[in-house]
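Asks: dropping a prediction and its sequence here:
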Amino acid sequence: MAVRVNSENEENRGFSQIVNDFFLARKTLFLGILAVLFLVVIAIAVFTGVSYSKRKAAYESIDACVNEWLEMYPDEIDSERESEIIAELETTAAGNRGNLAGARANMSVAGIYFSKKDWTKARDFYVAAADASGKFYLTGLAYFNAGVCADEMGLADEAVDFFSQAVNTESFTQKPRAQFNIARVQEQNSRIEEALASYNVMLDLYPDSEWTDLAHSRIIALEILAEK
């Protein structure tokens, strides 16, 4: 038994020595790998910190611009200063493409143009906000507002398309309202069969919404007209 134990110990020491020699022979390589990993961690931390600081500065700039404009609206609008505010927001949007700050900046510019009933520019900036890469909680709202602008411009097909994109945005909380607007635009443009189909979708998908109650009343009215 003693001989067997000693043999096992010798085998264990031999294996340990092999492992030890392996790592010693490649010490420089392993230290290099650790150094690279350490530098990667530092780079990620620095990038994250810089990105956070950039976004924070962007949010502060957006809030300052919007608050200043709201203080002027509606009776004390300084057109020159308003143009400067819009330019500042556009600069922030351009410097933050693909993140929430960029979407918010575009939404803010769109809101200013919307208040001025400049439907074309408002629509374009709402679309820019919606098209920001990544899906933010503003996406559905941006599409919905773009639909409102298109509707005001008399662009029925475009309005329906934007409202449909709002409905198809998972995070959007006003889907029944957007669906109702799809049907309303279709009805107002004498596309009665399409309108009925769109109203009926609401009965299935949003049975508890007040917008569905309105849709139900429109279905009854349209069906009565169809019988005459």
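Replies: Great, that's in hand. Numbering: from 1, shown residues only.

Asks: so the closest residue in space to residue 86 that isn't next to it in sequence is in which element?
Replies: Using Cβ to Cβ, 6 or more residues apart in numbering and skipping residues adjacent in sequence, the residue nearest residue 86 is residue 109, 5.7 Å away. Using the backbone N, CA and C atoms, a C-beta is placed for each residue, glycine as well. In the assignment (DSSP states H and E), residue 109 maps to helix 100-115.

Asks: tell me how far the most centrally placed residue in the chain lies from residue 203.
Replies: For the chain, residue 136 is the residue whose C-alpha lies nearest the centre (Cα atoms, centre = their mean; 2.1 Å). Relative to residue 203, residue 136 is positioned 30 Å away (Cβ to Cβ, to the nearest Å).

Asks: same question, residue 113
Replies: Per Cβ to Cβ, residue 113 is found 36 Å from residue 203.

Asks: these two: which is more packed in?
Replies: residue 113 (19 against 12; other Cβ atoms under 10 Å).

Asks: low-confidence regions, the protein specifically.
Replies: For the chain, residues meeting the criterion pLDDT under 70 lie at 1-52, 133-135.

Asks: so what's the residue count around residue 80?
Replies: Residues within reach of residue 80, counting by other Cβ under 10 Å, total 8.

Asks: sec struct for it, please.
Replies: Residue 80 carries the three-state label helix when classified by DSSP: H, G, I helix; E, B strand; the rest coil.

Asks: what about it, distance to residue 92?
Replies: With distances taken as Cβ to Cβ, residue 80 is found 19 Å from residue 92.

Asks: then residue 164?
Replies: 30 Å.

Asks: more neighbours, these two?
Replies: When neighbours are counted by other Cβ under 10 Å, residue 164 and residue 92 differ, and residue 92 comes out ahead with 23 against 17.

Asks: might you report the residue contacts of residue 149?
Replies: Contact analysis of residue 149 by Cβ atoms under 8 Å, 6 or more residues apart in numbering lists 114, 119-120, 122-123, 126.
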